[in-house]
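# Sequence and predicted structure, then a few things I'm wondering about:
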Amino acid sequence: MSGLGNMGSAFGRLGPVARIVSILGFGVVVFALLMILSPKPEAQDPPRRMPLVVTTPADVRSGNLTIEGNGIVRPKSEISLSPQVAGLVSWASPSFASGGRFEKGDVLLRIESADYENAVRAAEAEVAQREVEVLTWEEERELSIEEYGRFRAREGITTPMDSADVGGLVFRDPQLRAAEASLLRAEAGLADAQLALARTRITAPFDGVVRTKSADVGQYVAPGQLLGTLYDTDEVEIVVPLTDGEAALVTGLWSADARDETSRIPATVRASFGGTDYTWPGYVDRAQAALNAETRTVDVVVRVQEPFEDDGSGRPPLLLGTYATIEIQGRDVEQFTVLPRSALQDGDRVYVVEQDTILSIRPVRLLQEIQGEVFVIGEMRPGEPVVVSPMAIVTDGMTVRRAEGGTE
């Protein structure tokens, strides 16, 4: 008791700051003793966490691949309509208007023809005159031959003439040949006049539609002047750029011959109109012989026949300038797998979950990619779960767990 009393007396003699420091020091010593003397917990390994993955079943198929591309519809043939003779436009067809439809051989415009009709009549008169000259000299020749024969009989001449030239002069051959040449020239002039008269009627070279109109009744036109533009409606075409890998999937692309209908490569053209998708059957007409200088792709030309005809389903015409999607029939493949784009890892592998927990890394070869789906060749069974979720660390044979509610 005396000891504690002495300690209390000594603590009491300390100043306020010394008292606070003494209390803190005592607390630190007590905490240290508790940490040293307290029992240590038993060390335990943390629970192992398996990566969670989302999978989709492998869609294994066989048959022809479909190569998809896009392009703008353009006319197969488009021309600038121009006259070959000059004159005043005296008549225009009602079809000769922007958007007007016409058939091959229809008269679209007429040029005033009076001058050309007069030229034909003058040329006909010239031909008639030259025909008379030829007949006259033919008669002269016959008379000369008869007269010469009588002369030789009177003179008792039995030997032939020494010079063929002299004989020709006697028989009026030069004069007859000159008359015949004049007749040929007159006939050529008549043919030219008739041709010019026929050209006063400007006709359609094919079935088509007027895109633009640049002339009308009362306008004077000259040879070569633009009257309007026309395009053919029998067929339209779409240029589809393909990569060299996609082009390699089209069997017979480089030997495609549209003239042989039995060897045409089928294609389907799809376009939207009024919010509804419509399709038109087509075929590969040709592939350009050089890579596109800007895109470095192979330009494949697909054609559609009768694009403006109604097939009875209410389908609209395949209008020029339409942005269309084209599906070209590719080569026949014995087995390939279709997967979401997210399933392809590093461009040449996929992750397959075996026995519901074991991850297997499978090499594949990419054939093509269409609208978020990849077509690959590799060892895969129908329905096998393929990982489509991202994974930070992957090793072959690692254990994973599939997400509940994920695609089976």
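Received it, and whenever you're ready, just let me know what you need.
# can you tell me the helix or strand for E147?
Assigned by DSSP states H and E, E147 belongs to helix 114-155.
# Where does pLDDT dip in the stretch 1-150 of the chain?
Low-confidence segments of the stretch 1-150 of the chain, defined by pLDDT under 70: 1-19, 21-22, 24-26, 28-35, 37-48.
# Strands along the stretch 301-408 of the chain, start to end?
Assigned by DSSP state E, counting those that start in this stretch, the strands in the stretch 301-408 of the chain fall at 323-340, 349-354, 358-363, 365-370, 373-377, 385-387, 401-402.
# Need these in CSV (columns: mean neighbour count, mean pLDDT and distance to T158).
(Each C-beta comes from the backbone N, C-alpha and C, glycine too.) What follows is the strands of the stretch 301-408 of the chain, written out as CSV (neighbours: other CB atoms under 10 Å; pLDDT from 0 to 100; distance: least, CB to CB, whole Å):
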stretch, mean neighbour count, mean pLDDT, distance to T158
strand 323-340, 18, 94, 88
strand 349-354, 19, 95, 111
strand 358-363, 16, 95, 108
strand 365-370, 16, 90, 97
strand 373-377, 19, 94, 100
strand 385-387, 23, 95, 114
strand 401-402, 16, 90, 125
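# okay if I get those strands as JSON lines plus distance to S80?
Below are the strands of the stretch 301-408 of the chain laid out as JSON lines (distance: least, CB to CB, whole Å):
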{"stretch": "strand 323-340", "distance to S80": "26"}
{"stretch": "strand 349-354", "distance to S80": "55"}
{"stretch": "strand 358-363", "distance to S80": "57"}
{"stretch": "strand 365-370", "distance to S80": "39"}
{"stretch": "strand 373-377", "distance to S80": "45"}
{"stretch": "strand 385-387", "distance to S80": "57"}
{"stretch": "strand 401-402", "distance to S80": "66"}
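# so what does the helix holding E147 touch, helix or strand wise?
Packed against helix 114-155, as judged by 3 or more CB pairs under 8 Å, 6 or more residues apart in numbering; DSSP states H and E, are the following elements: helix 173-198.
# Specify the angle between the helix holding E147 and helix 173-198 in degrees.
Angle of helix 114-155 versus helix 173-198, following axes from the mean of the first three to the mean of the last three CA atoms, to 10 degrees, is 160 degrees.
# Does the most centrally placed residue in the chain belong to a helix, a strand or coil?
A centroid search over the chain (CA atoms, centre = their mean) returns V239, at 1.3 Å, as the residue closest to the centre. Assigned by DSSP: H, G, I helix; E, B strand; the rest coil, the conformation of V239 is strand.
# which ones are touching it?
Under the criterion of CB atoms under 8 Å, 6 or more residues apart in numbering, the neighbours of V239 are 71-72, 74, 299-301.
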